[in-house]
Every structure is written in C-alpha cells, then in structure tokens.
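**Q** what's the 3D shape of this:
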Amino acid sequence: MSVAEKRLVEYYETVFEERFRDLPIINPALRVESVGFRGLEEHEFGALITPWFINLVLLPGSERWNDSPQGSVCNIELPGGMVDFTVSHDEVLGTTLSAALFGTVTEFPNQETAREIARETLRLLFSNDRVDDAADAGRISRRQLFQNLGGTGGEDQ
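**A** Here you go, the predicted structure:
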C-alpha cells in the first residue's frame with residue numbers, strides 16, 4: 001500500500017470514528033478499505049469502501065487538478081469508458097478525485113461482497129470491452145456498469 005493510499009484509508013477511518021459511527025446511514029457489516037489501487041500514469045486509482053459509501057478514487061500524482069474548483073467535474077478516459085470525477089480539496093488528503101459507485105451501502109451483506117463488486121468494477125473499467133451507448137459513445141453510465149456487473153441497472157445514483 002502506497003503512502004497516499006494509506007493516508008486515504010486512515011483519513012476515512014478517522015472520519016468514521018469521529019463523525020459517522022452512530023449515524024443511521026452506516027452499515028455495521030462494512031469497514032474502511034481500499035481496493036485494487038494501481039498506477040494510472042503518474043496517479044493512483046482504485047476503489048474506497050466505507051460503511052456509508054463506495055467510490056472510485058483517483059489520487060493525483062501531480063498538481064494537474066490543484067487549480068480546479070472544489071466540486072468541479074473532470075472526465076477521465078479509462079479503457080472501459082469515460083468516467084466523471086468530482087474534484088475535492090482537503091487539508092489532509094490534498095486534491096483527490098472521486099466518482100460515486102454507491103451513495104448508500106446499507107443493503108450490502110458483508111465486506112467481501114463490497115470488495116468483490118469494487119474489484120469487478122475496476123476490472124470492467126480497465127477492460128477494453130467498452131459498453132456502447134448510441135447517445136453518448138465512449139461514456140459508461142452507472143446503469144451500464146451495474147448491468148455489466150450482473151445487476152438490473154437500478155436507479156442512477
């Protein structure tokens with residue numbers, strides 16, 4: 001685990017302990033865990049599981065997005081399609097980019113299920129088997145991603 005990835009996990013463990021532990025949105029079957037982080041050019045990319053969400057996270061290895069406004073969206077091209085990431089600036093983490101996979105995780109039965117879904121999502125995003133969408137060629141929606149994961153597509157989050 002890289003220093004940046006370790007800092008990300010420790011940060012969200014602290015957030016959980018200090019702010020989220022007793023909230024009703026918490027799934028007590030889940031814990032903070034990074035999944036599948038790998039190099040992506042000079043950056044690190046993977047998934048973050050928490051007891052309240054699962055996100056894709058890009059930890060920049062450069063100052064490329066430092067001047068981007070908080071909350072702005074940038075598009076990152078991956079082999080499996082384009083993903084929209086939200087820019088976040090934090091005193092501890094610095095600049096990070098994230099894309100929500102699950103805004104709520106209360107229905108996940110256990111950590112292993114969350115981990116496997118995160119791994120499969122990353123596998124699909126790094127696969128050259130693009131999901132085609134006539135209205136938006138090259139962009140993969142959450143609905144399409146979840147259909148590829150074997151789900152029904154559900155509501156966009």
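
**Q** helix/strand/coil for the residue nearest to the spatial centre of the chain?
**A** Most central in the chain under CA atoms, centre = their mean is Leu56, positioned 1.4 Å from the mean C-alpha point. Under DSSP: H, G, I helix; E, B strand; the rest coil, Leu56 falls in the strand class.

**Q** tell me the contacts of it?
**A** 45-48, 83, 85, 98-101, 121-122, 125 (CB atoms under 8 Å, 6 or more residues apart in numbering). All C-beta atoms are positioned from the backbone trio N, CA, C, and that covers glycine.

**Q** what about stretch 45-59, average pLDDT?
**A** Across stretch 45-59, pLDDT averages out at 97.

**Q** show the pLDDT at Lys6.
**A** Looking at Lys6, its pLDDT stands at 96.

**Q** quick check: bridge partners of Ala99?
**A** Leu56 (DSSP bridges).

**Q** buried ones in stretch 45-52?
**A** With burial defined by 16 or more other CB atoms under 10 Å, the residues of stretch 45-52 counted as buried are 45-52.

**Q** ok, so of those, who is nearest Gly71?
**A** Proximity to Gly71 was ranked across the buried residues of stretch 45-52 by CB to CB; first place goes to Leu48, at 18.2 Å.

**Q** any idea how far the closest one is from Phe37?
**A** Separation of Leu48 from Phe37 (CB to CB, to the nearest Å) stands at 9 Å.
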